[in-house]
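**Q** Build the 3D model from these lines:
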Amino acid sequence: MNNYLKKNILIVRDFNTELFFKKKNKKDWECFSFKSFVKSYRQVLTSNFDFVVVGVSCVSDNNLKYLLKLLLLFIKAKKKYFIDNQGKIEYSSFWRLLFIDTLLFIGELIFNLLLIIASWIALLIFNFLPKRRKITRNDNPKGIIYLRTDNFRGMQQGGSFTHFRGVVKGFDKLGYKIHYIGSGRIEVPNLDFLQSIIPYPSKFNFLEIPEIYYNWRFIPRAYKIARIQKPLFIYQRHSIFNVCGVILGYLTKTPLILEYNGSEAWIRQKWGGLLIFKRLCYFFENICLKKADLISVVSQPIKDELLKQGISGDKILVNYNGVDSEKFNLDIDGLAIRKKLGLEDKIIVGTLSTFGVWHGTKVFSQAVKPTIQQCNNSAIHFLFIGDGTLRPECERIIQESGMEKYVTFTGTVPFTEIQQYLATCDILVASHIPNLDGTPFFGSPTKLFEYMAMGKGIVASDLDQIGEVLEHKKTAWLVKPGDVNDLVDGILQLAQDKKLREILGKDARKEVVKNYTWEQNTKRIISSYLEIN
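**A** Predicted coordinates for the structure are as follows:
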């Protein structure tokens, strides 16, 4: 776009756009993700705006804030401000930027340098420490400390949170008690468990610095808890720039089970767009893999990659994601959601997504127009359930194709209502795409197992684990990953054949209940732990 016809710009970073547009006319706003805004910055500079707004999760969070203020400085607009999900507003001021923010930023740079040096030294020392003998716990044989050390920013949605709830409930069903230590509270319906929250640092501008610093804040506080609790083992979901689990395990002589969903360093580098401290990041990760007692991975490609890195296969458990088959079931009624959305008489084709790069939501968006054009039944409607980074780009694809009336974006849906939205759909789509660098797709999408448990007709990419779990024309209709035409054909096949949808859904439900529940997932973890101890 050379000239912007809209009067206002909204730059979204972990922001609830649905709440924002309840008070604003969406047609007056041009919506950008942070990445797309930076790409379009030169074009933005050529136009005048009424408002330029940065939507963030919390205005007190300084992450990339100084850079954003600099970028806003040169844009011509009547008002420029930051707003968060709680409605708090902070206006962008030239004089504050010059005399306060810039001085604080310089001081932060000095601290960052010292932090990086100290972290390198500490990791080098820890890497060469001799292995300590683990202690078999007799005083708390059913106690597990669960660590989640990534920054939640108030989030409760997405596959990682589904995984957390599933594993915690799975351990609970087996009689184990969880003490969760993390950077934010997580709700698990109908289950009470101990939660100790160690706040995540928010006063840093650079993305990687708070992640590094969090180790120094987290470990001393968590050590006090672990020393008193004396758990059977520590279970940690691996996160970027984090060695809290292995250091706590070493200090307390407690076995560590590392849940490893893929290289966070690789994900940040390939999908996050920027990894400044690349060598340090991989060093953090390698230490975790080397020192962990058991590594639970969600796919065979991840195990293969770890074997190439010299990690012993004896301590790697391939453990696919799963589903709560009682929570996601055939009896859930989606009629209320259909009425709410005004889609009672439609064949609904839906996808559940946080709009990650690998989810293929752009491919799904591109499939809307040819599907509508080729379908004799104009009653088809597309439903995007969820919110995330690539949503503005998907909306733009839909708008440019003139398909707005055939598409609904729900925005963020409470995790307690996800199953109702899935029940609303006649066809569920998992349009995942291959990794752009040619490496195997290493994911284990939690929504895949939820789709199966709902007993709906599934159209999915025939991609690594997805193609292993699902069988073409038996439990799903599999399509070529990233191929819009093949995706359109798969959707049409199921849209035009209700009986086929029902048969595929019924068999998918049987398969997931038999092999892929969270209770089975946690049983495999406990069994593998007992084998190594």
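**Q** how about the helices of the stretch 401-533 of the chain, start to end?
**A** Counting by DSSP state H, counting those that start in this stretch, the stretch 401-533 of the chain has helices at residues 418-424, 446-454, 465-469, 484-495, 498-515, 518-532.
**Q** nearest to Leu19, of those?
**A** helix 418-424 (18.3 Å; C-beta to C-beta). Bear in mind the C-beta positions are built from the backbone N, C-alpha and C, glycine included.
**Q** What's the end-to-end length of stretch 20-34?
**A** Terminal residues of stretch 20-34 lie 17 Å apart, using C-alpha to C-alpha, to the nearest Å.
**Q** same thing with stretch 442-449?
**A** OK, stretch 442-449 end separation, C-alpha to C-alpha: 16 Å.
**Q** start the count at 460, not 1, going forward
**A** All right, first residue 460 from here; so that's stretch 901-908.
**Q** Work out the gap between it and the centre of the chain.
**A** On the basis of C-alpha atoms, centre = their mean, to the nearest Å, stretch 901-908 sits 11 Å off its chain's mean C-alpha point.
**Q** how near is Arg644 to Val872?
**A** Between Arg644 and Val872 the distance is 19 Å, computed by C-beta to C-beta, to the nearest Å.
**Q** Would you mind telling me which of these two has the busier surroundings?
**A** The neighbour count for Arg644 versus Val872, taken as other C-beta atoms under 10 Å, is higher for Val872 (18 against 11).
**Q** residues touching Leu574, list them.
**A** Ile668, Ile671, Tyr672, Trp675 (C-beta atoms under 8 Å, 6 or more residues apart in numbering).
**Q** Only alpha carbons, please: show the stretch of helix or strand Ile671 belongs to as PDB.
**A** If you go by DSSP states H and E, Ile671 is part of helix 667-688. Extracted C-alpha coordinates of helix 667-688, given in PDB (Å, rounded to 0.1, in the frame of the first residue of the first chain):
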ATOM      1  CA  GLU A 667      16.100 -11.800  25.600                       C
ATOM      2  CA  ILE A 668      17.300 -10.000  28.700                       C
ATOM      3  CA  PRO A 669      14.400 -10.700  31.000                       C
ATOM      4  CA  GLU A 670      14.500 -14.300  30.000                       C
ATOM      5  CA  ILE A 671      18.100 -14.500  31.000                       C
ATOM      6  CA  TYR A 672      17.700 -12.500  34.100                       C
ATOM      7  CA  TYR A 673      14.700 -14.600  35.200                       C
ATOM      8  CA  ASN A 674      17.100 -17.500  36.100                       C
ATOM      9  CA  TRP A 675      18.800 -15.300  38.700                       C
ATOM     10  CA  ARG A 676      15.400 -14.400  40.200                       C
ATOM     11  CA  PHE A 677      13.700 -17.700  40.000                       C
ATOM     12  CA  ILE A 678      16.400 -20.200  41.200                       C
ATOM     13  CA  PRO A 679      16.900 -18.800  44.800                       C
ATOM     14  CA  ARG A 680      13.200 -18.600  45.400                       C
ATOM     15  CA  ALA A 681      12.300 -22.000  43.900                       C
ATOM     16  CA  TYR A 682      15.200 -23.600  45.800                       C
ATOM     17  CA  LYS A 683      13.700 -22.700  49.100                       C
ATOM     18  CA  ILE A 684      10.400 -24.500  48.100                       C
ATOM     19  CA  ALA A 685      12.100 -27.500  46.600                       C
ATOM     20  CA  ARG A 686      14.300 -28.000  49.600                       C
ATOM     21  CA  ILE A 687      11.300 -28.100  51.900                       C
ATOM     22  CA  GLN A 688       9.000 -30.100  49.600                       C
END
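**Q** Residues contacting the next helix or strand after it, please?
**A** Of the helices and strands lying after helix 667-688 in sequence (DSSP H and E), the nearest is strand 692-696. By C-beta under 8 Å, 6+ apart, the surrounding residues in contact with strand 692-696 are 603-609, 619, 622-623, 626, 685, 703-704, 707-708, 711, 713-718, 720, 752, 984, 988.
**Q** Only the buried subset of these, as a PyMOL command please.
**A** The buried residues among these can be selected in PyMOL (16 or more other C-beta atoms under 10 Å) with this line:
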select buried, resi 603+604+605+606+607+608+609+619+622+623+626+685+703+704+707+708+711+713+714+715+716+717+718+720+752+984+988
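**Q** Out of the contacts of strand 692-696, name the ones that lie in helices.
**A** When DSSP state H is applied, the contacts of strand 692-696 are split such that Ser619, His622, Phe623, Val626, Ala685, Cys703, Gly704, Leu707, Gly708, Thr711, Ile984, Tyr988 fall in helices.
**Q** Which of the residues you listed lies at the shortest distance from Leu653?
**A** Ala685 (12.4 Å).
**Q** related to what we said a few turns ago, I'd like the ones in helices among the contacts of strand 692-696 written out as a markdown table, with distance to Ser499 and pLDDT added.
**A** Formatted as a markdown table, the ones in helices among the contacts of strand 692-696 follow (distance: C-beta to C-beta, whole Å; pLDDT from 0 to 100):
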| residue | distance to Ser499 | pLDDT |
| --- | --- | --- |
| Ser619 | 30 | 86 |
| His622 | 35 | 92 |
| Phe623 | 36 | 93 |
| Val626 | 41 | 95 |
| Ala685 | 48 | 94 |
| Cys703 | 38 | 97 |
| Gly704 | 40 | 97 |
| Leu707 | 44 | 96 |
| Gly708 | 46 | 95 |
| Thr711 | 50 | 94 |
| Ile984 | 46 | 96 |
| Tyr988 | 50 | 93 |
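**Q** TSV for those residues, including distance to Pro679?
**A** Below are the ones in helices among the contacts of strand 692-696 laid out as TSV (distance: C-beta to C-beta, whole Å):
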residue	distance to Pro679
Ser619	26
His622	28
Phe623	24
Val626	26
Ala685	11
Cys703	10
Gly704	15
Leu707	10
Gly708	15
Thr711	13
Ile984	28
Tyr988	27
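**Q** For Trp977, state which of the residues you listed is nearest.
**A** So of these, ranked by how close each gets to Trp977 (C-beta to C-beta), first place is Val626, at 6.3 Å.
**Q** from what I can see that closest one touches Trp977, true?
**A** Yes. Using C-beta atoms under 8 Å, Val626 is in contact with Trp977, at 6.3 Å.
**Q** Which single helix of the protein contains the most residues?
**A** The chain, longest helix under DSSP H: helix 561-586.
**Q** Now do it against helix 703-711: the angle between them, please.
**A** Angle, helix 561-586 to helix 703-711, by axes from the mean of the first three to the mean of the last three C-alpha atoms, to 10 degrees: 50 degrees.
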